[in-house]
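Novice: My questions concern the predicted model and sequence given below.
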Amino acid sequence: MCRWQHAQGQSRIRIIGTRLSWVVAVVLFFSGAAWPAALGVAKRVAPAAATLTPEDKAFVEDLSHRAFRFFVEQTDPGTGLVRDRARTTGAAVSGRSRDVASIAATGFGLSALCIGAEHGWISRQNARSRVLQTLHFFAERAPSEHGWFYHFMDARTGARAWNSELSSIDTALLVAGVLTGSQYFSNDREITSLSDAIYRRVDFPWMLNGDRYLFAMGWTRAKGFIPTRWDHYCELMILYMLAIASPTHPIPAESWHAWKRPPITYDNYHYIFGDFPLFVHQYAQAWIDFRGRREQKPPYIDWFENSVTATLAQRAYCIRLHSKFPGYSEDIWGITSSDSVKGYVGWGGPPDDPRVDGTVVPCAPAGSLMFTPRESLAALRKMKQLYGDRIYGRYGFGDAFNPSTGWVDPDVIGIDVGITLISAENLSTGNVWTWFMRNGCIRAAMDRIGLTSSSGVAPNHVLPGGTLKP
């Protein structure tokens, strides 16, 4: 992924290229070796509502409620914008970052309000009022171009912050939250009308910047379009899905197959590699329900299973790092873009990432609760058991900690709290998947793309053992 971020006192630039072990891919290609039919084949698929023990349910409920609290307490009441970060105690961060909001965090926040109302953590009327506040702001007051919004804004005024770009991916994450709220409050004409207006206004072809299929990462008035494009697998699936589904400014369904799908093998895990951080396998699937669907074109990828496998591969990677960083173990694992003692780092693995220093990022396993319930729950519960209040506070887990050095991040980051909450909800109830997938345009786009029932995909192309015919 390439996420472009600026923070007070430091540049938080997430420019993460595709650093695949191309040697493996090239050898496989020229040797004629076949990849698994569903790259990322895993042993199980999480049901809509997973079976959890009473202890698991209590833990997930507490973690989710704390994560939801962030989106209530760190949202500006005038704009509905959600702050980019806060202290683990609930206090505001200091300096110029204090009132900087993230539109991606705001998209997570709109989904969080629906979750909170469903659980009774907030009244439905209060949730409705908060959703409306946010929708009115983006429909009527937020600065934008061609329907795209600035990555970071002043939470109080909505002004562009940190000279940030009109962000294609962050606008998509915002719109995903908008469409979730629209379906949760589907009988509320004011909410549905505002949501529809925000979505319909996004001029998706404009962000292609002359390319037929691939999006630019963003735009600024001073420099124009960012030259880097969303051209390889990562969280980009939410952007392309929304664009293909657009009722007013769609892009061709062929765009879905225009971006690269680089394969990787780590240990015995074969899957499509997006980049080092685990979140690239999580964000799009916070909303899009890929379960039981597979692409009709070779290699017939099942994206849900791909994320399951990527998560298990990262757990195996952390276990292998135990000799170097004893804090990692079978039950203490997880690396994704996060704070660190050296600042913000877009790290992860596999393949081997030399930047890894033993830091554990709880939102990595938490964001995969919907993929790997057993392994993720074991990791999160063990973290809380071993480190307790040092890492588990008002909003759940702090963003990161290093068990080898004793360093603990004093902050939480909105998007990391958001993926924790939504993944936990999808594990427990499947609600966010259900709400988002009620948008008929999304279901129609999946059909146009060729994401169909796994049971109906090219059985004659699959050999015993789950490999493709050469």
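Specialist: Thanks, I have the structure now. Just so you know, these numbers come straight off a predicted model, no measurement behind them. Residues are numbered from 1 along each chain as shown.

Novice: Just give the closest residue to Asn439, not the sequence neighbours.
Specialist: Among residues not flanking Asn439 along the chain, Leu179 sits closest, at 5.2 Å (C-beta to C-beta, 6 or more residues apart in numbering). In this view, the C-beta of every residue, glycine as well, is placed from N, C-alpha and C.

Novice: who are the neighbours in contact with the one you found?
Specialist: With contact set as C-beta atoms under 8 Å, 6 or more residues apart in numbering, Leu179 has these partners: 195, 199, 287, 436, 439, 442.

Novice: Quick check: pLDDT value at the fourth one.
Specialist: With respect to pLDDT, Phe436 scores 98.

Novice: element containing it, please.
Specialist: Assessed by DSSP states H and E, Phe436 sits inside helix 431-437.

Novice: Show residues contacting that helix.
Specialist: Residues outside helix 431-437 that contact it (C-beta under 8 Å, 6+ apart) are 48, 111, 114-115, 118, 176, 179-180, 183-184, 286-289, 291, 422, 425-426, 442-443.

Novice: repeat that with 7 Å
Specialist: Residues outside helix 431-437 that contact it (C-beta atoms under 7 Å, 6 or more residues apart in numbering): 111, 114-115, 118, 176, 179-180, 183-184, 286-289, 422, 425-426, 442-443.

Novice: same deal with stretch 126-146?
Specialist: So stretch 126-146 is contacted by 75, 79-80, 106, 110, 113-114, 116-117, 149-150, 158, 160, 166, 178, 181, 185, 188, 190-191, 194-195, 197-198, 203, 206, 219 (C-beta under 7 Å, 6+ apart).

Novice: could you flag which of those are buried?
Specialist: With burial judged by 16 or more other C-beta atoms under 10 Å, the buried subset of the contacts of stretch 126-146 is 75, 79-80, 106, 110, 113-114, 116-117, 149-150, 158, 160, 166, 178, 181, 185, 188, 191, 194-195, 198, 206, 219.

Novice: Inside helices: which ones of the residues you listed?
Specialist: Among the buried ones among the contacts of stretch 126-146, the members found in helices (DSSP state H) are 106, 110, 113-114, 116-117, 178, 181, 191, 194-195, 198, 206.

Novice: okay if I get these as a markdown table plus distance to Leu386?
Specialist: Putting those into a markdown table (distance: C-beta to C-beta, whole Å) gives the following:
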| residue | distance to Leu386 |
| --- | --- |
| Thr106 | 33 |
| Leu110 | 34 |
| Leu113 | 33 |
| Cys114 | 33 |
| Gly116 | 29 |
| Ala117 | 34 |
| Val178 | 39 |
| Gly181 | 37 |
| Ile191 | 43 |
| Leu194 | 46 |
| Ser195 | 43 |
| Ile198 | 44 |
| Trp206 | 50 |
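
Novice: which one of these is nearest Ala364?
Specialist: Nearest to Ala364 out of those is Thr106 (C-beta to C-beta; 22.3 Å).

Novice: For stretch 365-376, C-alpha coordinates in PDB please.
Specialist: Extracted C-alpha coordinates of stretch 365-376, given in PDB (Å, rounded to 0.1, in the frame of the first residue of the first chain):
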ATOM      1  CA  PRO A 365      -4.300 -10.100  15.100                       C
ATOM      2  CA  ALA A 366      -7.400  -8.000  16.200                       C
ATOM      3  CA  GLY A 367      -8.000  -7.000  12.600                       C
ATOM      4  CA  SER A 368      -7.900 -10.600  11.600                       C
ATOM      5  CA  LEU A 369     -10.400 -11.800  14.200                       C
ATOM      6  CA  MET A 370     -12.900 -12.300  11.400                       C
ATOM      7  CA  PHE A 371     -10.400 -14.500   9.600                       C
ATOM      8  CA  THR A 372      -8.600 -16.500  12.300                       C
ATOM      9  CA  PRO A 373     -10.700 -16.400  15.400                       C
ATOM     10  CA  ARG A 374      -8.800 -19.100  17.300                       C
ATOM     11  CA  GLU A 375      -5.300 -17.700  16.700                       C
ATOM     12  CA  SER A 376      -6.300 -14.100  17.000                       C
END
